[in-house]
Every structure is written in structure tokens, then in C-alpha cells.
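**Q** would you be able to build a 3D model of this:
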Amino acid sequence: MTTVLFIHGTGVREPGFSALYERFSTGLRELVPSARTSPCYWGGQLGATLGAGGLSVPYSGGRSRGGPVADGDETEAWAELYRDPLAELAPAAAGGGAGEELPPGAPLPVERPRALLAALDGHVDDIATGTGLGGPHLRAAVTELSRTPLLGPAATAVPDDDDLARLLARALVAAALSSALAEDAPVVPDGAARDAAVAALTEHMGARPEGSERGVGALLARPALRLATRHAVRRRRALTEAAHPAAADIMLYLARGEPLRRRLRETVGELEPPVVVVGHSLGGIIALETLIGTPLPQVELLITVGSQGPFLYESGALPALVHPEPLPAHMPDWLNLYDPRDLLAYVGAPLFPGRVTDIEVDNGQPFPASHSAYWTNRAVYRAIAGRLP
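**A** Sure thing, here's the model as predicted:
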């Protein structure tokens with residue numbers, strides 16, 4: 001029986017690793033029930049730490065901005081929402097104004113969206129569990145959104161409860177995922193799971209779920225929402241803030257990587273062959289260099305996911321192998337999975353013809369969420385399952 005060894009990437013520490021490893025094991029066993037998995041956790045003992053408690057980190061209150069959000073690109077619209085979960089609600093509210101004078105005893109406009117949010121009571125944890133969102137993050141998002149002063153003006157501008165519920169649902173999901181990304185969550189729902197969360201929230205708020213997966217594009221017939229979209233897509237993304245966390249792990253590995261390679265060699269030596277090594281991000285670099293430097297005949301396949309290994313090799317920055325040196329003959333087969341929106345993922349087949357197989361997957365998320373969303377993407381597990389010896 002094949003043993004699948006999972007080695008994580010940058011920034012992963014406990015309890016995040018246990019959750020990540022459980023997600024990986026569960027996803028693989030859904031397709032291969034007999035799969036035997038094993039962890040290789042290095043972040044706790046061998047990961048980078050700030051020895052002086054962060055004295056080297058300067059305070060910066062500014063934000064760097066990148067290129068414009070492309071109109072009509074749903075993934076880019078979510079990138080804007082992750083930066084500002086109110087990016088669609090705020091322009092809609094701006095179009096609402098003060099509204100007409102209310103007759104005595106009439107409900108305030110703010111009561112409509114608050115009633116929609118109140119309908120989520122008792123359902124938040126189930127929705128979070130079913131779609132991969134963090135329950136605490138989603139609960140906090142509901143609480144925070146119910147307090148924003150934008151609710152009243154937005155309700156005035158968007159009289160249809162279905163449309164308003166979809167705006168609220170997208171803001172909630174964006175806020176929950178933004179919190180998860182800020183905490184360097186090792187697993188982020190892919191685009192399909194994210195859209196399922198929007199649909200579930202919308203449905204529990206009493207609205208029709210149809211069209212929710214199309215996001216803003218499904219609502220453009222509404223003048224207020226057309227205004228919201230126009231404002232949202234004109235804002236620029238904070239691309240320079242999109243670097244994935246724990247870059248220090250990479251720098252530490254490149255400077256002093258032998259302890260991590262030794263950990264992997266020792267772990268492989270304890271496993272029953274045949275062994276398949278699956279490495280995410282820096283984990284893939286560790287696995288690649290280990291297998292380049294040491295023949296491990298029990299390893300029959302290397303699988304890298306979201307890996308920078310090919311880029312480091314081509315750049316002359318991979319210590320174990322310098323371009324244009326070929327892969328050694330003892331290297332096992334190499335399968336490389338990448339999402340083209342993951343700016344930390346590279347392809348290896350053009351550099352090593354006949355030695356690497358690249359498979360493109362679509363996590364349905366903008367960067368940097370795309371770099372952590374592989375493990376809720378069923379296509380990733382199908383690719384892995386299809387190559388297990």
C-alpha cells in the first residue's frame with residue numbers, strides 16, 4: 001500500500017498544521033479510501049522565528065496599490081472585496097442618500113438589512129462548516145456588518161430584499177476570508193466553496209439563491225448596484241500587499257536548509273514503501289532538494305503543489321541544482337500542480353523535458369488566496385489520486 005507523505009509550506013504552525021493535514025487526508029481519502037497518509041511537520045521546531053520579538057519590523061501605515069480591477073472579472077472583484085469587504089455595499093449606500101421622509105411609525109430602512117442578518121442566527125456555524133469558512137470569522141463578520149452605518153442607506157438604495165441579501169452575503173464572506181488570510185490560515189476555501197457560502201447565506205436570509213454564484217454580474221440591472229460595481233472596479237488592488245506570509249521561512253531554508261532536509265529523509269526512512277511525497281510551496285522545495293541530493297529509492301513519486309522550485313532553479317537560487325544542470329538519474333517521477341493565478345506557483349516541464357509533468361488547476365481565487373486554496377479543490381486530489389502507484 002502506498003504511503004503519501006505530506007510536507008507543508010511557509011508560515012504553517014500548530015494548530016494550523018493539524019487542520020491542514022486533516023483537510024489533505026480527508027480530501028485524498030474521498031477519492032482513494034484506502035490511502036495511507038503521513039505528516040512531515042517542520043514549522044514548529046525548524047521554522048523561522050523573530051529572535052528579538054520583531055524589533056526589525058518597522059511600522060507602516062501606507063498601502064501600495066497595483067493595477068486596476070478588470071471590469072466584469074469576478075475573481076478580481078473578489079480581490080477587491082478581500083481588501084475591503086464593504087467595497088460593493090459602500091457605493092450602493094452612497095446612492096441611497098437620506099431617502100424620503102418616513103411616515104410616523106414606519107420602520108427605519110436599517111431594520112430591513114438587520115432583519116436579514118438576524119435570520120442567520122443559529123445557522124452561521126453550519127454554513128461555515130459546510131463551506132470551509134471559519135466559524136469564528138463568519139460570526140465576527142455578521143456582528144461587525146450589523147453595526148455598520150451603511151446598512152440604512154444601502155437598504156434605501158436597494159429596495160429588493162433578494163438583491164440586498166446577496167450584497168450582504170458577499171460582504172460577509174469577504175470579511176470572513178479576509179480575517180482568515182490576515183491570520184495566515186493554511187487552508188482557504190476555493191472559489192466554488194466561497195460561492196456556495198454566498199448562496200447558503202443568501203438562502204438563509206430568505207432570498208432566492210438563483211444567480212448568487214454570478215455575484216455582481218447577476219445584479220447589474222439594478223441602478224444602485226450598477227453604481228456599486230462601477231466604483232468597485234475603479235479602485236486599485238493592493239498587489240504589493242499580496243506577498244504570502246512567512247517569507248522568513250524561505251530565507252531561513254535557503255541559508256540553512258539541511259536540518260529540514262534531514263527531517264524529511266528521516267521521516268521517509270520510517271515509512272513503508274512505496275512512498276509518494278506531496279509538498280506544498282516551500283515543502284515542495286524541501287522535497288525536491290532532498291531527492292536531488294540523496295537517492296531515496298522508496299520514494300516513487302514527487303508531487304509539488306504551488307511550488308517555487310522551478311523558478312529558483314532557473315534563477316540559479318536552488319542550492320542543490322544550478323541551471324542548466326539536469327535532474328539526476330535517481331530522481332523519481334515529478335508531478336507539478338499549479339494555479340496560474342497563484343503568483344508563487346511555477347511550471348517545471350519546460351525546464352526538465354520528459355522529467356516533469358505540469359497540471360494546471362483552477363482554485364477560483366485571486367492571489368494570495370489562490371496559494372492556500374489547493375486543498376479544498378477536488379481537482380487537486382483527482383490529479384494526485386490519478387498518479388498514485
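
**Q** quick one: the helices in the stretch 251-389 of the chain, in order.
**A** Ranges of helices in the stretch 251-389 of the chain, per DSSP state H, counting those that start in this stretch, are 258-269, 282-293, 309-314, 369-372, 378-385.

**Q** columns distance to R194, mean pLDDT and mean neighbour count on top of these, output as a markdown table?
**A** No exception for glycine: its C-beta is placed from N, CA and C like everyone else's. Putting those into a markdown table (distance: least, Cβ to Cβ, whole Å; pLDDT from 0 to 100; neighbours: other Cβ atoms under 10 Å) gives the following:
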| stretch | distance to R194 | mean pLDDT | mean neighbour count |
| --- | --- | --- | --- |
| helix 258-269 | 33 | 97 | 17 |
| helix 282-293 | 24 | 98 | 26 |
| helix 309-314 | 28 | 96 | 22 |
| helix 369-372 | 9 | 94 | 28 |
| helix 378-385 | 14 | 98 | 18 |
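
**Q** show me the contacts for the nearest residue to I292 once chain neighbours are set aside.
**A** Among residues not flanking I292 along the chain, A320 sits closest, at 4.3 Å (Cβ to Cβ, 6 or more residues apart in numbering). Listed by Cβ atoms under 8 Å, 6 or more residues apart in numbering, the contact set of A320 reads 288-289, 292-293.

**Q** try G306
**A** 9, 280-281, 284, 337-339, 342, 344-345, 371, 374.

**Q** which of these sits closest to G122?
**A** Y374 (32.1 Å; Cβ to Cβ).

**Q** thinking again about what came up before, quick check: the farthest pair among the contacts of A320?
**A** L288 and G293 (9.6 Å).

**Q** quick one, which of the helices of the stretch 251-389 of the chain is nearest to E203?
**A** The nearest among the helices of the stretch 251-389 of the chain, by Cβ to Cβ, is helix 378-385 at 22.5 Å.

**Q** can you name every helix or strand that that closest one contacts?
**A** Packing partners of helix 378-385 (3 or more Cβ pairs under 8 Å, 6 or more residues apart in numbering; DSSP states H and E): helix 16-31, strand 333-338.

**Q** now do it against helix 16-31, angle only.
**A** Counting by axes from the mean of the first three to the mean of the last three Cα atoms, to 10 degrees, helix 378-385 lies at 70 degrees to helix 16-31.

**Q** where in the stretch 1-150 of the chain is pLDDT low?
**A** 53-73, 95-107 (pLDDT under 70).

**Q** the strands in it, which residues?
**A** For the stretch 1-150 of the chain, the strands defined by DSSP state E, counting those that start in this stretch occupy 3-7, 36-40.

**Q** give me whichever of these is most buried.
**A** strand 3-7 (a mean of 23; mean count of other Cβ atoms under 10 Å).

**Q** which secondary structure elements does that strand sit against?
**A** Checked by 3+ Cβ pairs under 8 Å, 6+ apart, strand 3-7 has helix 16-31, strand 36-40, helix 258-269, strand 275-280, helix 282-293 packed alongside it.

**Q** the ones you listed: which one's closest to R355?
**A** Relative to R355, the nearest member of the helices and strands packed on strand 3-7 by Cβ to Cβ is helix 282-293, separated by 11.5 Å.

**Q** against which helices or strands is the closest one packed?
**A** Judged by 3+ Cβ pairs under 8 Å, 6+ apart, the packing partners of helix 282-293 are strand 3-7, helix 247-255, helix 258-269, strand 275-280, strand 299-305, helix 309-314.

**Q** now do it: distance to the chain's middle.
**A** 23 Å (Cα atoms, centre = their mean, to the nearest Å).

**Q** I'd like the strands of the stretch 1-150 of the chain as CSV, with distance to V187 appended.
**A** Shown next, in CSV, are the strands of the stretch 1-150 of the chain (distance: least, Cβ to Cβ, whole Å):
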stretch, distance to V187
strand 3-7, 12
strand 36-40, 14
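
**Q** ok, which of these comes nearest A165?
**A** Across those, closest to A165 is strand 3-7 (Cβ to Cβ), at 39.0 Å.

**Q** for the closest one, which strands pair with it and how are they oriented?
**A** strand 36-40 (parallel), strand 275-280 (parallel) (DSSP bridges).

**Q** roughly how far apart are the nearest residue to R139 once chain neighbours are set aside and V142?
**A** Using Cβ to Cβ, 6+ apart and skipping the chain neighbours, the partner closest in space to R139 is V124 (5.3 Å). V124 is 6 Å from V142, where distance means Cβ to Cβ, to the nearest Å.

**Q** so these two - more neighbours on which side?
**A** Comparing V124 with V142 by other Cβ atoms under 10 Å, the one with more neighbours is V124, at 22 against 18.

**Q** surely that one touches L145?
**A** No - using Cβ atoms under 8 Å, V124 is not in contact with L145; the gap is 11.9 Å.

**Q** can you list phi and psi of A345 for me?
**A** phi -110, psi 140 (degrees, to the nearest 10).

**Q** any idea how far it is from S372?
**A** From A345 to S372 the distance is 12 Å (Cβ to Cβ).

**Q** kindly report the same for P273.
**A** For P273, the distance to S372 - Cβ to Cβ - is 30 Å.

**Q** same check on A165?
**A** Taken as Cβ to Cβ, the span from A165 to S372 is 28 Å.
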